[in-house]
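Asks: following is a predicted model, sequence given first.
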Amino acid sequence: MPTLGENPYVRQGDKEGTTPPKASSLPDFTRDLLVQLDPQTALDNADKYDLEGLIAFQRAANYISVAQIFLKSNALLKRPLKKEDIKPRLLGHFGTCPGLTLAYAHSNALVTRLAKEGVDQKVAFVTGPGHGAPAILSALYLEGSITRFYPQYTLNETGFEAFVKAFSWPGGFPSHVNAETPGAIHEGGELGYALAVSYGAAMDNKDLIVVAVIGDGESETGPTASAWHAHKYIDPKESGAVIPILHVNGYKIAERTIPGTMDDLELAALYSGYGYQVRIVSYGELANSPEEHKTKDERINADLAVSLEWAYGEIRKIQKAARESEPIDKPRWPMIVLRTPKGYTGPRHLRGTPLEGSFHSHQVPLPGAKKDDEEFRLLDKWLKTYHPEEIFIARDAAESSNAPAETESPKPHEFIDAKALRIIPPREDRRLGQLKETYSNHVALDLADWKEFAVKKGDEISAMKATGEYLADVVKRNPHSFRIFSPDELASNKLDAVFKTTHRNFQFDPETAHRGGRVIEMLSEHTLQGFLQGYTLTGRTGLFPSYEAFLGIIETMMAQYVKFLKMALETGWRGDVPSLNYIETSTLWRQEHNGYSHQNPGLISILLNFPAKITRIYFPADANTAISCMAHVLRSKNYVNLIVGSKAPNPNFLSVEAADSHCVAGASIWKDYSTDEGVSPDVVLVGIGVETTFEVIAAAAMLRNEGVRVRVVNVYDLMILPGNAEHPHALDEDAFNSLFTPDKPVIINYHGYPLQVRSLLFSRAHSIGRKRFEVLGYIEEGTTTTPWMMFRLNQASRFDIAVRAIGHVALSNERVATIAHERQSAWKHEGVLAEKRCFYALDDFQ
């Protein structure tokens, strides 16, 4: 029983979060799954592995990390620290920083060590715990990459002071890794995607190794859980590799992580089951003295050095076998579990509450340092433990400013202790922050003229089948720079013509192993999105086809990518990247057989809120416009393209020439289906989407038969509709009125939610009252029914269009007014009869 005053709902250790985790009940032979290495190898060869340089680099990076979080001045502590030196608002996350600097230092050191052996190795670094930006920025500053891309942050006292102040400061660097961070190919805000992005970057990059640090909090996410399978889609003959480092520091923001509660046996069982060789590198319990920390620090650095060397060797062994036509079946790729205390090298306690080795160090360990005397004292002591006077070489600003203008800028070793710089690759474009693949590596596709794959006007064909024929040629022409990522739906979405020139890439399937393949199918949209992002941001082009209803699973990933892309375009030093390309097919109007759960056009709403310079949304209405659209998006750069198409057979409305002109214009009058080619209409009927356009054409015929003058307009590019200041594709007012007239009623039959189009039209000058525009579309009425009944249920059928149109025309046309009521009644009746035929005769009304 709890004693008086004790809270029975608080477990012992909750306040500190330091109760040791319990051992597992797994049998001890599970330990045999772990890779055993001897760190003494590195300790006995300290010169080869440069342990002194590794530790010096980390000490410098950790100091700079703390300085960035806390200081706005006096960054070198050249005078006693004052509270006035501390930033007024403390932002950032320290807890993960020491582990990240450890992994970053060793990744650079591996490149340097291999270079001395005559091996030119490219290594990229992906930071899963993006909130550890202080660590990454510090390492980038030390290796010269910050100065390379941001010349104002020079490698001298003046530049250093500015750099430290810039962290989480207006106009400076944000608190998370983002596109402004050299070497980054992953937005560091939302957790869960680093591992998949890393594997995407490695695909078709034969000479690239990606070191992917996965935080143990991030490892709890569903996307990361599925991404551990990603190595099963890597063919070592054609692609590079990933070294996953699971960074287990034990805690999230206020609680333990799942891996933090697991012992070595549980980790061995889990990740061996995923198919990895698991090596655990551990700092151990917190040191009780500076001398013990020095010993532990040397030991973990020696351990990680030999472990990364082992991982590199295993990768080369797997790749060599594959590239010499003796591939290993189901190769077990290496991974490292890196156990370090959270926030180690930081202050141990604050007023009896543990900081180092606890979740209390996750963010800013001493948040009151600017005002609180005790926290200020601890910060001063903490900064001095790194001995900045040994890291930085005194070189005052006057000395730098008096240098001749024609001389080169200061070299790193003129400001920073040379020991800390020894591990940095001498070749600048091999440093982790300056690898060309991470910021300027666009590879344009070789694309045939789409017209060679065009379909004859009037033929009935699935637009996706026709597009598949074109994509088969894209694959053939681009065997190393184009991939399709699909959640097991390529054949269902009628794009399976690509299998004429390629096949699926699944290395654990004996029927597809060791054969490459441009198509990756996996039932994890999150993992596929990660693959696509990594592949795209390293310069290659991908395509993501999916059922319309389920592509929304990756909405937040898309949002994070768009934020990355927006900032990338604003940096001035990042090059172009191919567009991110999606096809939504198996759309709601033809999901009557799967039912209501498969009817969801909501992703369009998300894209409409993305920056206008990035978003492109297309509705090709037939096969020719679909092929033309595909050719366009695969050529494009720096966009997020969404194509909404149909896999069902439909008439091919436009000739090759007409389709080409239509797609360039974004919308056009379809003269063949209009009265007198659309001249002087009584009403404008607009189709946006495949099936919705078919109903518009049917309604136009009904109205023309009654003497109503109809203009049929098809909108291919949704972004022509908003006011012309809102999107680069938006029509100016004259062009808008040339299509929709300045004063006639307009009935729009739209593929998705009507509100999506209404919001785009809102800022049009003439549509304040919006009386003449009526938008029909999906209104969340769906079930298992017939295709035509989907339109009927959502009040978007040909009868609904005709009834509304003749009612509008009757208000201004006396002749039509005399027949409007009669025709509306007749069409409503015909609609009811059509319903009965659908339900009772099982006749899909056409």
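Replies: Alright, I've got the coordinates. Numbers count the residues shown, from 1 in each chain.
Asks: which residues touch Ile461?
Replies: When the contact criterion is C-beta atoms under 8 Å, 6 or more residues apart in numbering, the partners of Ile461 are Val455, Ala623, Pro649, Asn650, Asn652. For glycine as for every other residue, the C-beta is placed from the backbone atoms N, C-alpha and C.
Asks: let's see it at 10 Å
Replies: If you count contacts by C-beta atoms under 10 Å, 6 or more residues apart in numbering, Ile461 has them with Val455, Lys494, Asp622, Ala623, Asn624, Ala626, Pro649, Asn650, Pro651, Asn652.
Asks: okay, now the fourth one: neighbour count?
Replies: What it means is Ala623. Look at Ala623: counted by other C-beta atoms under 10 Å, it has 33 neighbours.
Asks: measure the nearest residue to it once chain neighbours are set aside to Pro620 for me?
Replies: Excluding its sequence neighbours, the residue lying closest to Ala623 (C-beta to C-beta, 6 or more residues apart in numbering) is Ala466, at 3.9 Å. From Ala466 across to Pro620, the span is 10 Å (C-beta to C-beta, to the nearest Å).
Asks: same question, Asp717
Replies: In this view, Asp717 and Pro620 are 10 Å apart by C-beta to C-beta.
Asks: how about Gly240?
Replies: Distance from Gly240 to Pro620, by C-beta to C-beta: 35 Å.
Asks: where does Ala834 land on pLDDT?
Replies: pLDDT recorded at Ala834 is 85.
Asks: now swap in Met262 and tell me
Replies: 95.
Asks: what about it, how many residues nearby?
Replies: Met262 has 18 nearby residues by other C-beta under 10 Å.
Asks: surely it touches Val248?
Replies: Yes. Taking contacts as C-beta atoms under 10 Å, Met262 lies within contact range of Val248: 8.2 Å.
Asks: identify the contacts common to the two.
Replies: Residues touching both Met262 and Val248 by C-beta under 10 Å, 6+ apart: Asp216, Val337.
Asks: sorry, back to before: are any of the contacts of Ile461 buried, and if so which?
Replies: Buried members of the contacts of Ile461, counted by 16 or more other C-beta atoms under 10 Å: Val455, Lys494, Asp622, Ala623, Asn624, Ala626, Asn650, Pro651, Asn652.
Asks: just checking, which of those residues belong to helices?
Replies: Per DSSP state H, helices hold the following members of these: Ala623, Asn624, Ala626.
Asks: touching, the last one and Pro545? I think so.
Replies: It stands for Ala626. No. Using C-beta under 10 Å, Ala626 makes no contact with Pro545, being 12.0 Å away.
Asks: find residues that contact each of the two.
Replies: Shared contacts of Ala626 and Pro545 (C-beta under 10 Å, 6+ apart): Met464, Thr467, Ile583, Thr585, Ile643, Gly645.
Asks: quick one: which helix or strand includes Asn62?
Replies: Here Asn62 is covered by helix 51-70, with elements defined by DSSP states H and E.
Asks: pLDDT of that helix, averaged?
Replies: 97.
Asks: quick one: distance of it to the chain centre.
Replies: 30 Å (C-alpha atoms, centre = their mean, to the nearest Å).
Asks: what of stretch 144-161?
Replies: Stretch 144-161 has its C-alpha centroid displaced from the chain centroid by 29 Å (C-alpha atoms, centre = their mean).
Asks: sorry, back to before: okay, buried residues for the helix or strand containing the residue nearest to Ala623 please.
Replies: Assigning secondary structure by DSSP H and E places Ala466 in helix 463-477. The neighbour-count check on helix 463-477 (16+ other C-beta under 10 Å) flags 463-476 as buried.
Asks: so which residues of the stretch 451-600 of the chain form strands?
Replies: Using DSSP state E, counting those that start in this stretch, the strands of the stretch 451-600 of the chain run over 460-462, 482-486, 519-521, 541-547, 580-585.
Asks: buried stuff in the longest helix anywhere in the chain?
Replies: Scanning the chain for the helix with the most residues, using DSSP H, yields helix 290-323. Residues of helix 290-323 classed as buried: 293, 296-312, 314-315, 318-319, 321-322 (neighbour count, 16+ other C-beta under 10 Å).
Asks: residue contacts, Asp459?
Replies: Contacts of Asp459 by C-beta under 10 Å, 6+ apart are Ala466, Asp622, Ala623, Asn624, Pro649, Pro651, Asn652.
Asks: and Ile245, helix, strand or coil?
Replies: Of the three states, Ile245 takes strand according to DSSP: H, G, I helix; E, B strand; the rest coil.
Asks: these two touch, right, it and Ile280?
Replies: No. If you go by C-beta under 10 Å, Ile245 and Ile280 don't touch, sitting 11.1 Å apart.
Asks: what touches both of those two?
Replies: Common neighbours of Ile245 and Ile280 (C-beta under 10 Å, 6+ apart) are Ser307, Met335, Ile336, Val337, Leu338.
Asks: just the residues you listed: which are in helices?
Replies: Ser307.
Asks: output the shared contacts of Ile245 and Ile280 as JSON lines; include the columns pLDDT.
Replies: Converted to JSON lines, the shared contacts of Ile245 and Ile280 look like this (pLDDT from 0 to 100):
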{"residue": "Ser307", "pLDDT": "98"}
{"residue": "Met335", "pLDDT": "98"}
{"residue": "Ile336", "pLDDT": "98"}
{"residue": "Val337", "pLDDT": "98"}
{"residue": "Leu338", "pLDDT": "97"}
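Asks: on that earlier part again, looking at Asp717 and Pro620, which is more packed in?
Replies: With neighbours defined as other C-beta under 10 Å, Asp717 and Pro620 compare such that Pro620 has more, 28 against 23.
Asks: in which helix or strand does that one reside?
Replies: Per DSSP H and E: Pro620 is located in neither a helix nor a strand.
Asks: so who does it touch?
Replies: Counting by C-beta under 10 Å, 6+ apart, Pro620 makes contact with 463, 467, 626-630, 632, 643-646, 654, 659, 662-663, 689-690, 714, 716-717.
Asks: spatially central residue for this protein, please.
Replies: Tyr561 (4.0 Å; C-alpha atoms, centre = their mean).
Asks: surely that one and His186 touch.
Replies: Yes. In this structure Tyr561 lies within contact range of His186 using C-beta under 10 Å: 9.3 Å.
Asks: shared neighbours of these two, which are they?
Replies: Overlap of the contact sets of Tyr561 and His186 (by C-beta under 10 Å, 6+ apart) consists of Tyr193, Val197, Gly530, Gln533, Leu537.
Asks: can you give me the neighbour number for the first one?
Replies: I take that to be Tyr193. 31.
Asks: what is the nearest of the ones in helices among the buried ones among the contacts of Ile461 to Phe482?
Replies: Set against Phe482, the nearest of these by C-beta to C-beta is Ala626 (17.9 Å).
Asks: now do the closest one against Arg518, distance only.
Replies: Distance, Ala626 to Arg518, using C-beta to C-beta: 20 Å.
Asks: make TSV from the ones in helices among the buried ones among the contacts of Ile461 and add distance to Ser481 and pLDDT to it.
Replies: As requested, these are arranged in TSV below (distance: C-beta to C-beta, whole Å; pLDDT from 0 to 100):
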residue	distance to Ser481	pLDDT
Ala623	26	97
Asn624	26	97
Ala626	23	97
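Asks: could I get these as JSON lines with distance to Ser738?
Replies: Shown next, in JSON lines, are these (distance: C-beta to C-beta, whole Å):
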{"residue": "Ala623", "distance to Ser738": "27"}
{"residue": "Asn624", "distance to Ser738": "23"}
{"residue": "Ala626", "distance to Ser738": "26"}
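Asks: returning to what we had before: pick the one among the shared contacts of Ala626 and Pro545 closest to Ala61.
Replies: Ala61 lies nearest to Ile583 out of those, by C-beta to C-beta, at 43.9 Å.
Asks: excluding sequence neighbours, find me the nearest residue to that closest one.
Replies: Using C-beta to C-beta, 6+ apart, the closest residue to Ile583 is Pro545 (4.2 Å).
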